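Student: Structure here, sequence nowhere to be found:
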Ligand code: SF4
């Protein structure tokens, strides 16, 4: 760590954050980063000199324990404590990430409507212009290097970089698996297959393309380009997301190829953050078509694999209404397979999603309760169930949905949380 005072700014480079992702109820940073502290803000930068976190220090900031984070896709997300009123019970985390774009959030107050939050982003723009000048000053070599990097990464450059990220993987990541919350959504995305099998009627993120796996050449090229894209900051990543909506259907060989190549190329074993992870989505069909050999292979990797399956409902009426072309029998089989894989494989966790809606038929919840009651004789900590709200934020119905969620949670023998959709 190196510190330098420049006028009213405290510049610290190479700060060391936690080397493990943790669930804590106070601001925490991971890996290594640099910081510029002004009288009013703490601005924190990743190892490429790109702004990553902002925390207000004056009395206007909504809460001294809350902060703003900028993602690799160049979105701002506000981390709210939610007053700590039930955030952990609902989401499995102490902080509620509130993205600056429309999502499926059930909270009513949008933090981006608070002037202090907008002002913080504007203050960073002002600081960025100032540091690009400061980089010419007579400062120690490492400080100058950091200022030069940070001075180059203005708002337009960061917006272009985010576009480049999506171009180099050949698509947008419209949704991350809920399990990526375990690594604060910090994943390097590689697309192994585009689109999904079903194109369900209710789904807002579906692609109209047919499901199509990428070639090995394409995956290799993505990995090479991603390594260059993440640059120095790649050391702060320990996780990969294989996209997009049904990577499990890409098949044993392609999944293993991508996972092994990424682990090696990104040097995940030497990350600043311990414990490498692999995240992917699967579908009912892709899970039922997987034989044990894929799970045996995944379990032997030096990373933990999380596979999230969209079941949505075990009720025929609901599946018809949401136009998901699967049957309750398939949902039951997939659920049983999830339980079996979770018991057998130490380094694999399959999790599932169900919908949570105000107007869904009563059979939706009763079939869920039946599904879990019939298969589990006691509570288990592995194999989370996520309920994804079918809502627009801000409505009175959202409160009703949250109440409904708590009723289900109380009856569920598995860890049960709300799924907050976030993109990358
Ligand atoms: S819910 Fe999943 S499977 Fe259905 S259309 Fe959307 S992405 Fe595809």
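Tutor: That came in fine, so what should we check first? Since the model is a prediction, treat every value here as computed from it, not as a measurement.

Student: Can you pull out the residues in contact with the top helix by length along the chain?
Tutor: Secondary structure of the chain per DSSP state H: the longest helix is helix 115-134. Defining contact as Cβ atoms under 8 Å, 6 or more residues apart in numbering, one finds that helix 115-134 is touched by 6, 36, 38, 40-41, 43, 51, 54, 56, 60-62, 68, 76, 78, 111-112, 147, 150-155. (Glycine included, C-beta is placed from N, CA and C.)

Student: near the ligand at all, stretch 244-258?
Tutor: Yes - judged by Cβ under 6 Å from any ligand atom, stretch 244-258 comes into contact with the ligand at residue 245.

Student: Work out the gap between that stretch and the centre of the chain.
Tutor: A distance of 19 Å separates the centroid of the chain from that of stretch 244-258, by Cα atoms, centre = their mean, to the nearest Å.

Student: hey, where'd the helices end up in this protein?
Tutor: The residue ranges that make up the helices of the chain, judged by DSSP H, are 87-91, 115-134, 141-152, 155-169, 216-230, 252-265, 284-289, 292-299, 316-321, 328-344, 362-375, 396-411.

Student: Dump those helices into TSV; add mean neighbour count and mean pLDDT as well.
Tutor: Shown next, in TSV, are the helices of the chain (neighbours: other Cβ atoms under 10 Å; pLDDT from 0 to 100):
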stretch	mean neighbour count	mean pLDDT
helix 87-91	18	90
helix 115-134	16	92
helix 141-152	18	93
helix 155-169	14	97
helix 216-230	16	98
helix 252-265	18	98
helix 284-289	20	98
helix 292-299	16	98
helix 316-321	18	96
helix 328-344	18	97
helix 362-375	17	92
helix 396-411	14	83
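
Student: Surely residue 239 and residue 183 touch.
Tutor: Yes - using Cβ atoms under 8 Å, residue 239 is in contact with residue 183, at 4.6 Å.

Student: higher neighbour count, those two?
Tutor: Between residue 239 and residue 183, counted using other Cβ atoms under 10 Å, the more crowded position is residue 239 (27 against 20).

Student: Could I get the contacting residues of that one?
Tutor: Applying Cβ under 8 Å, 6+ apart as the definition, the contact partners of residue 239 turn out to be 180, 183, 186, 187, 188, 268, 276, 277, 278, 279, 303.

Student: Quick check: the closest residue to the ligand within the stretch 301-424 of the chain vs residue 399, distance?
Tutor: The minimum distance from the stretch 301-424 of the chain to the ligand, using Cβ to the nearest ligand atom, falls at residue 310 (4.7 Å). Plainly put, residue 310 is 25 Å away from residue 399 if you go by Cβ to Cβ, to the nearest Å.

Student: that older thread, could you identify the buried members of the contacts of helix 115-134?
Tutor: Among these, those classed as buried by neighbour count (16 or more other Cβ atoms under 10 Å) are 36, 38, 41, 43, 51, 54, 56, 61, 68, 76, 78, 111-112, 147, 150-151, 153-154.
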